[in-house]
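Novice: sequence first, then the predicted structure, then my questions.
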Amino acid sequence: MKRALIAAMATILLITISCTNRSNDPEQNQDTKTAPHKNETIGTSESLVIQISNDQGQTVPAARLLLGDLNTAVNNWIVANEKGQVAIPASWTQNQDITVEAPGYIRVTVKDQAPKPMNVVLRKKSQLPTLSLKGGVTGLAPKDKDGFIDFAIALDSMAKADLLNFNVNKIVSPWTEKISAAGFEFPVPQNIFIPKQKESYFISVTIQKPWFNLPYDSYGQKSIYAIQGKFPFKKVISELQNKKPYYELVNLFDFSSTGQLSYGYLAANGSPIVDSTKYTLDKNYTITAPKVTTGQVALGISAFKENNTYQPLDVKYMQSEQITKFKSTATTAPYFIGVVKNSNEFDGDSATTERMSVSIDTPSTAMTYLPLMNQPTWISTTNLQINMPTVSPTDYEDQGMVIVVSELQNLSLPDGKVAKYKIPVWEIHTTQWANHLAIPNIDTPNSTPKRVEVTLLAKKVDNSGQQNPVTIISTHEERVENSTHFTKAALDY
């Protein structure tokens, strides 16, 4: 039961794993750095400033900015004013790395930045989740002993930028709850909802989990999606007994509709109810799978975009170079998300499970993808070597990279097991791919386990012959939104 449900969720999680990573040659970085700067007075002109805000559009007055590396002899951080602004120092005359940080936020470094006005957006640092929002799903109509298990998956909303720090635990919940059937107990992920129903498996079995739970680290406004579907009970159990890979089982899942709820989670006794019938999956389209090598797996996810967030609708295992049908909705414009992974890197919480190649775009006749990457390597405490895949510039435009450094904390689960939980602490953005990345020397090395994730961003070249308007990219947020393809690898250290 648990593996069958995880089959769908684990694949859906891969959709949203589009991280972005960039880097510059460390030798070039060292050549262009100027001397560190002491704290400088904020000027009165707001035309030559760096504006620092959070992802809610609010200023961050407690922020500070660093040019280049930290100077331990003097305090060369520049503190923002009450408007979250830092005046561009007169001594900043050539491209430099800039780093912005504030208490409670993920540090951001923008590589090789010219001395000109810009906006820097900080996102709040996550914590180990201590809150659990319990709710229900309406719209399911299970039929007893029809051979199918009806269920719904509850998911928190996810924007493209969230994918930079994607946490698998937000999709495949490490928390499970036990449900009883025919005298046996089955662990089921907490974000699954199962209405009461009876099925036959040698004997009559009653199955029910009339709630879902979503973990959070803070109260606030939440956007919750619920996808309803069903799967053939006996067939899935038989395939699991035959040890069929769970990513192949997703083709047995039939999703039918989805819904969304904006909910103000302000107290521990909240109980949201999500209607899963807002969008009916009443439209189909087909995609031809790419040619994948032995040992690799291609997965496809049909989705739509609403309020700048992506909502999965259908998921399928795609056999190499074969045509696959996906469900969508006629109500909204569809998106197709393709994922390629090594078949032996689905399970667990090690850095190798982060490796994948992802495409996100409107559906076309065939799925394309960037090659998978090898793991990065630290060649010193501040220099990262990146093993670049071979990519043709006539097929893909370089959109830069994003490197995410996370602290790994132990998350104790109800069953007594311990899982790794990522707490992103630093994002580094570049405008071009590079084999090496020099990270500003800021922190004193410590023994906290960490993970560095490298994601290359790219945009598929339009070879249709049509003249499309030129898109001017000025911020790393825009590069993320403009990208259609990603390839990612990670390293624990």
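Specialist: Looks like it came in fine.
Novice: lowest-pLDDT helix or strand in this protein?
Specialist: When the helices and strands of the chain are scored by mean pLDDT, DSSP states H and E, helix 26-32 comes last with a mean of 36.
Novice: following it, which helix or strand shows up next?
Specialist: strand 49-54 (DSSP states H and E).
Novice: mind checking how far that next one is from the chain centre?
Specialist: Centroid separation for strand 49-54 versus its chain: 24 Å, with Cα atoms, centre = their mean, to the nearest Å.
Novice: output that strand as PDB, nothing but the C-alphas.
Specialist: Only the C-alpha atoms of strand 49-54 are listed here, as PDB (Å, rounded to 0.1, in the frame of the first residue of the first chain):
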ATOM      1  CA  VAL A  49      21.200  51.700  -4.800                       C
ATOM      2  CA  ILE A  50      20.800  48.000  -4.400                       C
ATOM      3  CA  GLN A  51      17.300  47.300  -3.100                       C
ATOM      4  CA  ILE A  52      17.000  44.400  -0.800                       C
ATOM      5  CA  SER A  53      13.500  42.800  -0.200                       C
ATOM      6  CA  ASN A  54      12.000  39.500   0.600                       C
END
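Novice: following element in sequence after it, please.
Specialist: Using DSSP H and E, the helix or strand that directly follows strand 49-54 along the chain is strand 64-67.
Novice: who does that following strand pair up with?
Specialist: In the sheet, strand 64-67 lines up against strand 77-79 (antiparallel), strand 96-101 (antiparallel) (DSSP bridges).
Novice: Thr368 is nearest to which of those?
Specialist: strand 96-101 (33.0 Å; Cβ to Cβ). Using the backbone N, CA and C atoms, a C-beta is placed for each residue, glycine as well.
Novice: which other residues reach that closest one?
Specialist: 29, 32-34, 50, 52, 63-68, 107-113, 115, 120, 122, 438, 440, 442 (Cβ atoms under 8 Å, 6 or more residues apart in numbering).
Novice: buried members of the residues you listed into PyMOL, please.
Specialist: To isolate the buried subset of the contacts of strand 96-101 in PyMOL, counting by 16 or more other Cβ atoms under 10 Å, use the following:
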select buried, resi 29+33+50+52+63+64+65+66+67+68+107+108+109+110+111+112+113+115+120+122+438+440
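Novice: on that earlier part again, among the strands paired with strand 64-67, which is nearest Gln319?
Specialist: Using Cβ to Cβ, the nearest of those to Gln319 is strand 96-101, at 45.2 Å.
Novice: residues in contact with the helix or strand that that closest one is followed by?
Specialist: Sequence-wise, the next helix or strand downstream of strand 96-101 (DSSP H and E) is strand 107-113. Strand 107-113 is contacted from outside by 22-24, 29, 32, 95-101, 118, 120-122, 425-431, 437, 439-440, 476, using Cβ under 8 Å, 6+ apart.
Novice: ok, 6 Å please
Specialist: 24, 95, 97-101, 120, 426-430, 440 (Cβ atoms under 6 Å, 6 or more residues apart in numbering).
Novice: what subset of those residues is buried?
Specialist: 24, 95, 97-101, 120, 426-430, 440.
Novice: list the neighbouring strands of whichever strand or helix holds Gly400 plus their orientation.
Specialist: When elements are assigned from DSSP H and E, Gly400 belongs to strand 396-412. Taking DSSP bridges as the criterion, strand 396-412 forms sheet pairs with strand 418-430 (antiparallel), strand 450-460 (antiparallel).
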